[in-house]
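1. Build me a model from this:
(4 chains)
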Amino acid sequence: MAELCTNSAEISLGQLFSAVLKRDLLLSFRRKSDLVNPLIFFLMVATLFPLGVSPEPTFLADVAPGVVWVAALLATLLSLDGIFRSDYDDGTLEQVILSPQPLMVVCLAKVMAHWMTTGLPLALMSPLLGVMLFLPMSAMFGLVVSLLIGTFVLSLIGAIGAGLTVGLKRGGVLISLLVLPLYIPVLIFGSGAVQAAVAGLPLAGYLALLGAMLALGIVLAPLAISAAVRISVTG
Amino acid sequence: MAGSNWLPRWFYQLASPRWCYDITGKLLPGFLIAAVLLLVAGLVWALAFAPPDYQQGNSFRIMYIHVPSAILAQSCYMLMAIAGAVGLIWKIKVADMVAFACAPIGASIAVMALATGAIWGKPTWGSWWVWDARLTSMLILLFLYMGVMALYAAMDNETTAAKAASVLSLVGLVNIPIIKYSVEWWNTLHQPATFTLTEKPAMPVEMWLPLLVMVLGFYCFFGVSLMLRLRNEIIRRERRSGWVRELITSR
Amino acid sequence: MQFETISEFIKMDGHGLYVWLSYAIGVSILIGNLILPLFTRKELIKNLARRLRRENNAQ
Amino acid sequence: MSQPLLKVVDLFCERDERTLFDGLAFTLAAGELMQIEGANGSGKTTLLRILSGLSNDFEGEIYWRGELIAKMRDEFLSSMLYFGHQPGVKGMLTPVENLQWYSAIHPALSEEKILAALDAVGLKGYEDVPCHSLSAGQNRRVSLARLYMNTAKLWILDEPFTAIDKRGVAAKEKWLAGHVAAGGSVILTTHHDLTSCGPVTKINLDQLMGT
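-> Numbers count the residues shown, from 1 in each chain, chains lettered A, B, ... in the order given. Sure thing, here's the model as predicted:
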């Protein structure tokens, strides 16, 4: 009987968070395509604009903030379905829900892992696109920082859509429908920050707004994500 | 949920589909009469009697249909999200049905607000579509409605669909103020506002009184349409209960 | 009354097209929101009645 | 054992306008092994999902140690282990990594016993092979290895023997018997005849529908 006691080892939230984060990062690094595909997509979408509209440097410099931001947004959107899909399909998500751990923390860790494997590399790669689109060098800092903060918000909001649609066979297009309208404020302030950087205006205000959205997202989104995942799995 | 006895009795009565079906049946005629009277009076007043705007002339009359629809589209979203939250928290089926019924009405009213706004833009700005802050927010609101409806359509299980759509509409509700603020801010950045459609300084009484009548008429009409859809949903989902069977056979 | 004649009322100083078009759209959406649920209700009750009859016959 | 471990009162569940069970009631004592029987589609999996808390689509009450399960969810979950249709094994990870992850999220699973558990399910030598290159049966064994490294009181197992060979099944049955003898409880569904498990309480969902 002594052997069958419960709670043989308490698991702290920090340990839980880092365990989930480590596992998801490990999974992404084992499957390299998950890591690289959004980046290639990001690059390709940005290439379409000079080809589709005009290679004129002044025009491209004008639209560059918006184009880079829209491309980053679409690349994030494309990778959203993967946040919960494979865990749902192989039954891992059931086990997570049946473990006595707060689902919110698990979800936040998964979003963090998603951001580290998509948003972070996208932000780091964005100066390359900036150069291709003739964005002035002075705006690169604003571009990278706004993307660093903004893509985390995109991952947080997107995970809500991913959680809601994970139970459906074909959730891919539906996610976009659910999530895109919610992305608009991030897009506006994100590209606004880059435009301000181009014009040589102070960035702090924009970044503060993005940061406020991030803070709000970190507090509220895990609630919605965990509710969504629970609904999809236990439905 | 057990233990929450602080809620008034009518709240639990409302939770009974049958009671809800009966009470909406009694309320419907009253709302219908009120809606028809208010809307007809408002329409005649707005079209024939209200004075034209000194700047926009008679195209200003579009406001009497654009503004009420814009207001209603937003309130409808709020009702949908709140009903969804009630359904989610207290597991009240009727609240889920209300949320479900709200979505198509709200979406169609948002389409109305967009169409009338776009048409109004033609004589005012000279083009059928302008990226005006209010119109853009309304377009995004329509997208939000469409997302909720798509989610309902994609899910087979009614209870799961109701829960999922409630979560989505609550997320949308939190986002609406942020969206509105960001769009307004974006608008001032890109086209310094020279002329907005409705935010006029101090509208005279003979202009806003018909507007008030129209707004009230729209709300009453919304009540009618909501109750009609709600009653359909109640019958559909309670089709196997005794009272619905009796109701069907008695017809 | 802001208009002297019917034709003036219809023309609305050249804005008639816009005004009447938006009111037509508005009214048709309102009417649609009434007709559609009523129509659905009729269909629904017909279907349910048919089902009930089938069940009664089966017993 | 005065207090039954699990007590189910008046359970009702329907799927797609079909009643799966109505008025289902039973108790599960500590040290009891219960087998749920029934034809395909009789609601075995649904019942196990309801008992484990994976499905809320039911009416009735479930008590854990005399208290409503919803009120002591965390305590119930930390003393329960569920094994479902999907093994919950990541193909990109090795068996050891998979089990490490489970021990990280479940307090009843101890990390030190991973290697011994893999040995017990016959996966010695496969510890560092990615699971996607293992067979379906071996993947299920990886998941079943959780049974060999835990201190959970209640095991809920949905078809644990699918795709497991005969010798493996015999070993698992013996392990279940050991868990029961130590005061643990098991609820499972299986198409195998349990031969070496000791006394088995059976609940037949088909018969329940008849009454």
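2. wait, what's in contact with A:Leu73?
-> By CB atoms under 8 Å, 6 or more residues apart in numbering or on different chains, A:Leu73 lies in contact with A:Leu154, A:Tyr183, A:Val186, A:Leu187. Every residue, glycine included, has its C-beta placed from N, CA and C.
3. Equivalent analysis for B:Ser16, please.
-> B:Val94.
4. Could you measure from it over to chain A?
-> To chain A, B:Ser16 is 24 Å away according to CB to the nearest CB, to the nearest Å.
5. Ok, B:Gln56 next?
-> For B:Gln56, the distance to chain A - CB to the nearest CB - is 29 Å.
6. which ones are touching that residue?
-> Contacts of B:Gln56 (CB under 8 Å, 6+ apart): B:Pro123, B:Thr124.
7. Per-residue pLDDT of residue 12, please?
-> Defaulting to chain A. A:Ser12 carries a pLDDT value of 85.
8. try chain C instead
-> At C:Met12, the pLDDT value in this model is 81.
9. how about the nearest residue to residue 157, chain neighbours excluded?
-> I'll assume chain A. Counting by CB to CB, 6 or more residues apart in numbering or on different chains, the nearest residue to A:Ile157 once its immediate chain neighbours are dropped is A:Leu182, at 5.0 Å.
10. ah, no, chain D please
-> Per CB to CB, 6+ apart, closest to D:Leu157 is D:Leu188, 4.0 Å.
11. isn't the one you found right up against D:Leu154?
-> No. Counting by CB atoms under 8 Å, D:Leu188 sits too far from D:Leu154 to count as a contact (11.1 Å).
12. ok so, going back, nearest to D:Leu47 among the contacts of A:Leu73?
-> For the contacts of A:Leu73, the residue nearest D:Leu47 by CB to CB is A:Leu154; the value is 40.9 Å.
13. what's the helix or strand for that closest one?
-> helix A:140-165 (DSSP states H and E).
14. Ok, D:Ile62 next?
-> strand D:59-64.
15. buried sites along that strand?
-> Applying a neighbour-count criterion of 16 or more other CB atoms under 10 Å in any protein chain shown, one finds D:Gly60, D:Ile62, D:Tyr63, D:Trp64 buried in strand D:59-64.
16. who does it touch, helix- and strand-wise?
-> strand D:6-15 (3 or more CB pairs under 8 Å, 6 or more residues apart in numbering or on different chains; DSSP states H and E).
17. Now do the contacts for the most centrally placed residue in chain B.
-> What sits nearest the mean C-alpha location of chain B, by CA atoms, centre = their mean, is B:Cys76, with 2.9 Å. Counting by CB under 8 Å, 6+ apart, B:Cys76 touches B:Cys102, B:Ile105, B:Gly106, B:Ile109, B:Phe222.
18. Among these, which one is most surrounded by other residues?
-> In terms of neighbours by other CB atoms under 10 Å in any protein chain shown, the contacts of B:Cys76 top out with B:Ile109 at 31 neighbours.
19. how near is it to A:Leu120?
-> 42 Å (CB to CB, to the nearest Å).
20. And the nearest residue to A:Pro127 once chain neighbours are set aside, what's its pLDDT?
-> Once flanking residues are discounted, A:Pro127 sits nearest to A:Met140: 4.9 Å by CB to CB, 6+ apart. pLDDT recorded at A:Met140 is 94.
21. What of the one 3 residues further on?
-> On pLDDT, A:Leu143 comes in at 96.
22. how near is it to chain D?
-> Taking CB to the nearest CB, one finds A:Leu143 at 33 Å from chain D.
23. cool, B:Trp19 as well?
-> 20 Å.
24. for C:Met12, same thing?
-> 56 Å.
25. what's near enough to touch that residue?
-> B:Gly57, B:Asn58, B:Ser59, B:Arg61, C:Phe3, C:Val19, C:Trp20.
26. Report how many residues lie close to the third one.
-> Each residue near B:Ser59 was counted by other CB under 10 Å, and the total is 25.
27. For it, which residues are in contact?
-> B:Asp53, B:Trp120, B:Pro123, B:Thr124, C:Met12, C:His15, C:Tyr18, C:Val19.
28. Show me which residues of chain D sit near chain B.
-> Applying CB under 8 Å from any CB of the partner chain, we find that chain D lies next to chain B at D:Glu17, D:Asp57.
29. hmm, back to that, is it possible to export the contacts of C:Met12 to TSV including pLDDT and secondary structure?
-> Shown next, in TSV, are the contacts of C:Met12 (pLDDT from 0 to 100; DSSP: H, G, I helix; E, B strand; the rest coil):
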residue	pLDDT	secondary structure
B:Gly57	79	strand
B:Asn58	84	helix
B:Ser59	85	helix
B:Arg61	89	helix
C:Phe3	81	coil
C:Val19	91	helix
C:Trp20	93	helix
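30. From those residues, pick the one nearest chain D.
-> C:Trp20 (49.7 Å; CB to the nearest CB).
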